[in-house]
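Engineer: pasting the structure only:
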């Protein structure tokens, strides 16, 4: 049972890491999407959320 919990934690952390990598490498298209939704400072928000995703892992 302990091995299954460990595998689950690794997969969950990998989800955050891949999402953070996506935010930091593809910030242009994500910022354009955020700007379309009316978010102020969309590029800063995308980069900030990528940093927060890295910190959350």
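Structural biologist: Received, thanks. As the structure is a computational prediction, the values presented were derived from the model and not from experiment.

Engineer: Any buried residues in the longest helix along the chain, and which?
Structural biologist: With secondary structure taken from DSSP state H, the chain has its longest helix at helix 2-25. Neighbour-count burial for helix 2-25 flags 19-20, 23-24 (criterion: 16 or more other C-beta atoms under 10 Å). Backbone N, C-alpha and C define where each C-beta goes, glycine included.

Engineer: List just the nearest of the residues you listed to residue 44.
Structural biologist: The shortest gap between residue 44 and any of these belongs to residue 23, at 11.9 Å (C-beta to C-beta).

Engineer: Where does the prediction get shaky in the protein?
Structural biologist: Counting by pLDDT under 70, the chain contains low-confidence ranges at 57.

Engineer: doesn't residue 15 make contact with residue 53?
Structural biologist: No: the pair residue 53 and residue 15 does not pass the contact test of C-beta atoms under 8 Å, sitting 9.5 Å apart.

Engineer: Adding distance to residue 37, write the buried residues of helix 2-25 out as a markdown table.
Structural biologist: Below are those laid out as a markdown table (distance: C-beta to C-beta, whole Å):
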| residue | distance to residue 37 |
| --- | --- |
| 19 | 18 |
| 20 | 20 |
| 23 | 15 |
| 24 | 20 |
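
Engineer: now, among these, which is nearest to residue 36?
Structural biologist: Closest to residue 36, out of all of these and judged by C-beta to C-beta, is residue 23, at 16.6 Å.

Engineer: so the closest one touches residue 49, yeah?
Structural biologist: Yes: counting by C-beta under 8 Å, residue 49 is a contact partner of residue 23 at 5.8 Å.

Engineer: now residue 36: how far from residue 45?
Structural biologist: Taking C-beta to C-beta, to the nearest Å as the measure, residue 36 falls 13 Å from residue 45.

Engineer: between these two, who's got more neighbours?
Structural biologist: Neighbour count, other C-beta atoms under 10 Å: between residue 36 and residue 45, residue 45 has more, with 17 against 9.
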